[in-house]
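A.B. asks: Structure of the sequence below:
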Amino acid sequence: MTDRRRRKAAPGRRGRTRQITPRTHWLLLSVLTVTLATALLLQGYTHHMFGITSDDVTGARGRSDTVPGRVAHGGPVIANAATSPHTAHVKARTVALTFDDGPDPVWTPRVLDVLRRNHVHATFFVVGTEVVDHPELVRRIVAEGHQIGIHTFTHPDLARLAPWQRSLELRETQLAVAGATGVTTALLRPPYSSENDALDDADWSVLKQADTAGYVTVLSTQDAEDWQRPGADRILANATPHGHAGQIVLMHDGGGDRSQTVSALGALIPRLKARGFRFATIGAAVGMAGPVQRAGFGDHLQGLALINVLRAGDWVVRLLGVLMYAAGVISVLRAAVVLVAARRHRRLRSKRRGGSWGPPVTEPVSVIVPAYNESAGIEAAVRSLLASDHPVEIIVVDDGSTDGTADLVEALRLPWVRVIRQRNAGKPAALNTGLAAATCELVVMVDGDTVFEPDTVRTIVQPFADPRVGAVSGNAKVVNRGGLLGRWQHIEYVVGFNLDRRLFDLAECMPTVPGAVGAFRRGALLDLGGVSDVTLAEDTDLTMALCRAGWRVVYEEDAVAWTEAPASLGALWRQRYRWCYGTLQAMWKHRGALAQRGPAGKLGRRGLVYLLLFQVLLPLLAPVVDVFALYGLLFLDPVRIVGLWLAFLLLQFLMGLYAFRLDGERPGPLWSLPLQQFVYRQLMYLVVIQSVFTAVSGSRLRWQRMERYGSLRAPSPAPTPRETTRSY
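C.D. replies: Next up is the predicted model:
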């Protein structure tokens, strides 16, 4: 792409130009990013932080010095643990069936069906994440007269959590129940709890904190051990009381395959009824008044919000997963297509070296150099052009420079170099001035910050032996490669731009001839009305117009030009912002090519679609990919995430090796590829976001001149005998 310089608006356009600097979108983007990150953090915490079910067991319990004896040897329902603890026993010949770890979409309805057929009410200690996923099941539990208790939000061992995490677990579960059912409950069963005598000091601290929060702890007296899945008969035996004492039976309706539980339950209830037992909820079994109450309006609304946020988070994670895989597949396919195209392009280039373009092109060439405040590099640029081994006339169009650019060129007193001065009107106007002054049919356009090799002009015009060719793209290389930023841009030019140009050449849909090194048929440009100034990417706009006019645009990789790249992040941002925004303008201007046939249709359905997919949509998705990658490192399998990242990096490295080999470059700079992923990539997708917003908002971006660093050096002059071939 060309360096888009800062210009004053042309008189004819000044009244229509809106100078708007969009800023609110960054606030909006920040809010969306924070919202997404928060939703993912909450979703990750609730679904992946612990991931423990009742099928897991904890280690040995600790000391129990602080557990009161009346609790350790008391009833299974414990109240006032933080002040004056007391316990309650279940009434004689009473069984309180309790079910943990639900609701489960498969097993909870089957358990409820068994209870309904036998006209029995039970108590369900629900896990908050399952309530969020299946609120309709919790509503059914309440509607059918069963009692609700909480079993924490993510089923962790509360004794191993910090106090703030315990509070969060209890509060979020309570809100989920309130949002799903409109009720709150005072009943709590900590995960991995069993009977009173199993309590240790850590468990007791949990019970005291729960009491402070208003909960009554419910343990068990009879463990069916169905979590081990020992078989329905064994579960039935474990759940059957010995004697007539009242019991709280622990069973599970979630956390795994509970088919054995359902089978055993269907036999247990009739058996105990035949023995004279009655069934009751926890509250009725111990005579507790109203453990379940109607939720307040605020709690109900907060609960609904929690459920909706978490369910939206689940949906977002699933969507991001699909997008991640889609982006990965598309990226791999793109890499494969680009590499195959590059290999084929190389074979075709070898044939062309044998003269497949046609007879050698020897006619003289007009070289147009638009210049605006280019005093730092204009001498090197002009001298390099004058050193060409092909006859050229050089036209330097000074576009109102204020640094003496025109005076400097004139002071050189070089042959075949003309300087045309004009008032500042913009780069397209300077190029059109050069076109009007050119005396040759073939013209080469070059930026004032670029130097040519001696054979560049001769090489870039050879494809014009084919009368179908209207423009030729050369190979722009970064000259200032020092430092990481220079290396990264060097990699981008060689791997990104040049591999794509080879693909575009084969597909006959070249969207851009870079302003740094491009050749054109003068007549074709005049037929288009010259260089348009309606976009910031005049090179892309011009190339697309040529394609739509039926001309073929090709890539000549041996036509090398050296250009200065931005040496700071700020300068790089400004340059790429102009490039991206201008490309969007050109794509929109030439969108009609999508419905055309012939060369225009190839540009539309191949080139424009490719640009839209890989230069707009995928970069817009990149921030989401980064957020999801962090999510995966924190909550999913970090080894898998790192493995995928390394695989993607390896793919880029292999592409880089091949591209550097094609361009005859040393692969040394490729060591910086991993670092490029953490700085350069983010800058590039932020540029796309800024450009898209600017385009959507209808703003118009000003031309801005890139900083010059004076790093260009002219090559050695070609032998003087060829100068005798010049005649104009």
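
A.B. asks: Show the contacting residues for the closest residue to R576 other than its chain neighbours.
C.D. replies: Leaving aside its chain neighbours, R576 sits nearest to V687 (4.6 Å; criterion: Cβ to Cβ, 6 or more residues apart in numbering). Heads up, the C-betas are built off the backbone N, CA and C, glycines and all. V687 makes contacts with W573, R576, Y577, C580, as judged by Cβ atoms under 8 Å, 6 or more residues apart in numbering.

A.B. asks: how about a cut-off of 10 Å?
C.D. replies: L572, W573, R574, Q575, R576, Y577, R578, W579, C580, Y581, P619 (Cβ atoms under 10 Å, 6 or more residues apart in numbering).

A.B. asks: Can you report how many residues neighbour the third one?
C.D. replies: The reference is to R574. R574: 20 surrounding residues under other Cβ atoms under 10 Å.

A.B. asks: repeat for the last one
C.D. replies: Other residues within reach of P619, judged by other Cβ under 10 Å, total 19.

A.B. asks: Quick check: pLDDT value at L42.
C.D. replies: At L42, the model reports a pLDDT of 74.

A.B. asks: Which helix or which strand is home to the residue nearest to it when sequence neighbours are not counted?
C.D. replies: Counting by Cβ to Cβ, 6+ apart, L42 lies nearest to G313, which is 6.1 Å off, once chain neighbours are set aside. G313 belongs to helix 297-351 when assigned by DSSP states H and E.

A.B. asks: how far out from the middle of the chain is that helix?
C.D. replies: In terms of Cα atoms, centre = their mean, to the nearest Å, the centre of helix 297-351 is found 7 Å from the chain centre.

A.B. asks: Equivalent analysis for stretch 231-240, please.
C.D. replies: With Cα atoms, centre = their mean, you get 52 Å for stretch 231-240.

A.B. asks: So what touches it?
C.D. replies: Identification of contacts with stretch 231-240 by Cβ under 10 Å, 6+ apart yields 95, 97, 222-230, 247, 249-251, 258-268, 271-272, 275, 277.

A.B. asks: Beyond the helix or strand in which A284 is found, next helix or strand please.
C.D. replies: Using DSSP H and E, A284 falls within helix 282-286. For helix 282-286, the succeeding helix or strand toward the C-terminus, using DSSP H and E, is strand 292-294.

A.B. asks: Could I get the buried residue list for that following strand?
C.D. replies: By 16 or more other Cβ atoms under 10 Å, the buried positions in strand 292-294 come out as V292.

A.B. asks: For the one helix or strand A436 maps to, buried residues please.
C.D. replies: Using DSSP H and E, A436 sits in helix 427-437. By neighbour count on 16+ other Cβ under 10 Å, the buried set for helix 427-437 is K427, P428, A429, A430, L431, N432, T433, G434, L435.

A.B. asks: following it, which helix or strand shows up next?
C.D. replies: Taking DSSP H and E, what comes next after helix 427-437 is strand 442-445.

A.B. asks: Looking at that following strand now, give me its mean pLDDT.
C.D. replies: pLDDT averaged over strand 442-445 gives 97.

A.B. asks: Could you do stretch 451-459 as well?
C.D. replies: pLDDT averaged over stretch 451-459 gives 95.

A.B. asks: Restrict that stretch to CA atoms and write it as CSV.
C.D. replies: The C-alpha trace of stretch 451-459 is given here as CSV (Å, rounded to 0.1, in the frame of the first residue of the first chain):
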residue,chain,number,x,y,z
VAL,A,451,14.2,3.5,-3.8
PHE,A,452,14.4,1.1,-6.7
GLU,A,453,17.0,-1.5,-7.6
PRO,A,454,18.7,-0.9,-11.0
ASP,A,455,16.6,-3.6,-12.7
THR,A,456,13.3,-2.8,-11.0
VAL,A,457,11.8,-0.6,-13.8
ARG,A,458,12.9,-3.0,-16.6
THR,A,459,11.5,-6.0,-14.6
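
A.B. asks: Which residue ranges of the stretch 551-700 of the chain form helices?
C.D. replies: 569-589, 598-602, 609-611, 618-635, 638-662, 673-676, 680-697 (DSSP state H, counting those that start in this stretch).

A.B. asks: Reformat those as JSON lines; add distance to V132 and mean pLDDT.
C.D. replies: Output for the helices of the stretch 551-700 of the chain, formatted as JSON lines (distance: least, Cβ to Cβ, whole Å; pLDDT from 0 to 100):
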{"stretch": "helix 569-589", "distance to V132": "41", "mean pLDDT": "91"}
{"stretch": "helix 598-602", "distance to V132": "51", "mean pLDDT": "93"}
{"stretch": "helix 609-611", "distance to V132": "40", "mean pLDDT": "95"}
{"stretch": "helix 618-635", "distance to V132": "16", "mean pLDDT": "82"}
{"stretch": "helix 638-662", "distance to V132": "25", "mean pLDDT": "90"}
{"stretch": "helix 673-676", "distance to V132": "39", "mean pLDDT": "89"}
{"stretch": "helix 680-697", "distance to V132": "32", "mean pLDDT": "84"}
